[in-house]
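Trainee: Sequence first, predicted model second:
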Amino acid sequence: MALIAFVILTIFLYHTKDVILLLFASFVITSALYPIVDWMSKKMRRGLAVAIVYLTGLLILFVLSVPFFAILIKQIREFIQDFPRYWSTVQVLINRGEILIESTGYIPDYSQALINLTSFSKDLVNQSISLTVNIVAGIVMAFTLAIIVLFLLLDKEEIKNGVLKFFPVDCREKTEFIITTISKKVGGYVRGELLLMLAVGTLTSICLAIAGIKFAFLLGLIAGLLEIVPIVGPILSAVPAVIVALADNPWLALYVIAIYFVIQRFENVLLTPLILGKFLELHPIIIITAILMSASTLGIFGVILSPAIAASIYVLVHELYLKKINEQKTD
């Protein structure tokens with residue numbers, strides 16, 4: 001009977017993993033904001049403190065999004081201005097093709113090309129619909145996340161007491177300690193990660209600007225944002241910078257690779273241990289394992305949350321298992 005219940009619970013958790021992941025992400029973000037809101041609540045009403053924190057967060061998001069839209073509009077204008085030149089190039093290629101056909105007397109078979117074009121058009125429509133659905137779903141998820149975090153911040157004590165009621169009275173103190181420990185670890189990780197994103201983005205922008213690379217600010221912003229993806233994010237952030245440098249000079253691309261390598265080493269040797277070490281206390285192998293497992297089961301959202309998931313599991317294993325067996329050995 002217990003086995004059947006376990007199987008049913010596993011199936012249920014698998015089919016609701018997106019909801020569970022959303023709730024965990026809400027808990028992680030709330031844990032990062034708790035210290036700020038709790039400190040402000042000593043000087044004003046908690047509702048007002050939460051409102052100030054939310055408005056500040058929205059202002060920061062707006063400031064960060066402005067460069068993206070400004071550069072996007074600029075690139076669209078440049079494309080519209082250069083479109084006649086692009087179109088004339090296409091016409092020249094078409095004319096050359098027609099001349100080649102007339103000179104050789106070869107009449108091409110367009111049936112296969114039409115079939116491929118039809119298939120491509122269908123795929124393009126399907127991809128467009130899928131992209132639109134994903135964008136709408138992302139907006140809905142972000143809005144839902146913001147609402148859940150809002151209630152978690154406002155009703156901290158009520159929610160905590162409600163959760164503890166699900167546990168026996170003699171286990172509530174231990175449960176509260178575990179929840180608090182997890183909250184401190186994942187909250188500290190988020191705050192530390194934001195500092196790392198700011199440091200890496202700023203360093204990258206400055207170094208690329210000194211090297212004379214175009215779009216240094218944008219590339220630094222990308223490097224800072226991709227810092228949120230553990231291990232692989234910094235590697236991916238170097239790709240657009242290398243491409244931009246290659247367009248000017250291959251030797252410049254090598255210089256860009258060296259810049260990203262030095263910044264990555266500086267981050268791993270100094271910044272990460274200094275900022276994140278005291279919060280996570282996890283070996284890189286554990287982080288990499290968590291990333292691989294999250295990527296295969298939870299998608300990109302799970303990859304971003306994988307360090308927090310690993311830290312939470314570590315606290316549970318340490319408090320519920322490792323402490324007990326080590327105490328038994330000591331006795």
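Mentor: Arrived safely. Predicted model only: the values in this text are computed from it and were never measured. Numbers count the residues shown, from 1 in each chain.

Trainee: wait, isn't Ser183 in contact with Tyr34?
Mentor: Yes. With contact defined as C-beta atoms under 8 Å, Ser183 reaches Tyr34; the gap is 6.7 Å. All C-beta atoms are positioned from the backbone trio N, CA, C, and that covers glycine.

Trainee: And the two? Which one has more around it.
Mentor: Ser183 (20 against 17; other C-beta atoms under 10 Å).

Trainee: For the more buried one, give me its contacts.
Mentor: Phe27, Ser31, Tyr34 (C-beta atoms under 8 Å, 6 or more residues apart in numbering).

Trainee: can you list those residues in a markdown table and add secondary structure?
Mentor: Shown next, in a markdown table, are those (DSSP: H, G, I helix; E, B strand; the rest coil):
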| residue | secondary structure |
| --- | --- |
| Phe27 | helix |
| Ser31 | helix |
| Tyr34 | helix |
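
Trainee: Tabulate those (TSV), appending pLDDT and distance to Leu61.
Mentor: Shown next, in TSV, are those (pLDDT from 0 to 100; distance: C-beta to C-beta, whole Å):
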residue	pLDDT	distance to Leu61
Phe27	86	20
Ser31	86	19
Tyr34	84	20
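
Trainee: How much space separates Val53 from Lys43?
Mentor: When distance is defined by C-beta to C-beta, to the nearest Å, Val53 is 13 Å away from Lys43.

Trainee: could you pull out the helices for the stretch 201-331 of the chain?
Mentor: 216-226, 232-248, 250-266, 272-275, 277-280, 284-297, 299-317, 323-330 (DSSP state H, counting those that start in this stretch).

Trainee: more neighbours, Val53 and Lys43?
Mentor: Between Val53 and Lys43, Val53 has the larger neighbour count (other C-beta under 10 Å), namely 17 against 8.

Trainee: Can you tell me the element that one falls in?
Mentor: For Val53, the host element (DSSP states H and E) is helix 46-104.

Trainee: With only the CA atoms kept, save stretch 163-176 in CSV.
Mentor: Extracted C-alpha coordinates of stretch 163-176, given in CSV (Å, rounded to 0.1, in the frame of the first residue of the first chain):
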residue,chain,number,x,y,z
VAL,A,163,2.8,25.3,7.0
LEU,A,164,4.0,24.2,10.5
LYS,A,165,0.5,23.0,11.3
PHE,A,166,1.1,20.1,8.8
PHE,A,167,3.8,18.7,11.1
PRO,A,168,3.6,17.1,14.5
VAL,A,169,4.0,19.4,17.5
ASP,A,170,7.3,17.9,18.5
CYS,A,171,8.8,18.3,15.0
ARG,A,172,7.7,21.9,14.4
GLU,A,173,10.8,23.5,16.0
LYS,A,174,13.1,21.3,13.8
THR,A,175,11.0,22.0,10.7
GLU,A,176,11.1,25.8,11.3
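
Trainee: got the contact list for it?
Mentor: Residues outside stretch 163-176 that contact it (C-beta under 8 Å, 6+ apart) are Lys160, Ile179, Glu319.

Trainee: Columns neighbour count on top of those residues, output as JSON lines?
Mentor: Output for the contacts of stretch 163-176, formatted as JSON lines (neighbours: other C-beta atoms under 10 Å):
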{"residue": "Lys160", "neighbour count": "14"}
{"residue": "Ile179", "neighbour count": "17"}
{"residue": "Glu319", "neighbour count": "16"}
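
Trainee: Lys17: which of these is nearest?
Mentor: Nearest to Lys17, judged by C-beta to C-beta, of the contacts of stretch 163-176 is Ile179 at 20.9 Å.

Trainee: which residues does the closest one contact?
Mentor: Neighbouring residues of Ile179 by C-beta under 8 Å, 6+ apart: Lys160, Val163.

Trainee: Give me the distance between Leu58 and Ala137.
Mentor: 21 Å.

Trainee: Any regions of the stretch 101-250 of the chain where pLDDT drops low?
Mentor: Regions of the stretch 101-250 of the chain meeting the criterion pLDDT under 70 cover residues 101-131, 133-135.

Trainee: Ala238: how many residues sit nearby?
Mentor: Residues near Ala238, counting by other C-beta under 10 Å, number 21.

Trainee: was I right about it contacting Tyr260?
Mentor: Yes. Between Ala238 and Tyr260 there is a contact under C-beta under 8 Å: 4.1 Å.

Trainee: Return every residue with contacts to both of the two.
Mentor: With C-beta under 8 Å, 6+ apart as the test, Ala238 and Tyr260 both reach Ala223.

Trainee: Distance to Ala245 added to the contacts of stretch 163-176, as a markdown table?
Mentor: Output for the contacts of stretch 163-176, formatted as a markdown table (distance: C-beta to C-beta, whole Å):
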| residue | distance to Ala245 |
| --- | --- |
| Lys160 | 51 |
| Ile179 | 48 |
| Glu319 | 49 |
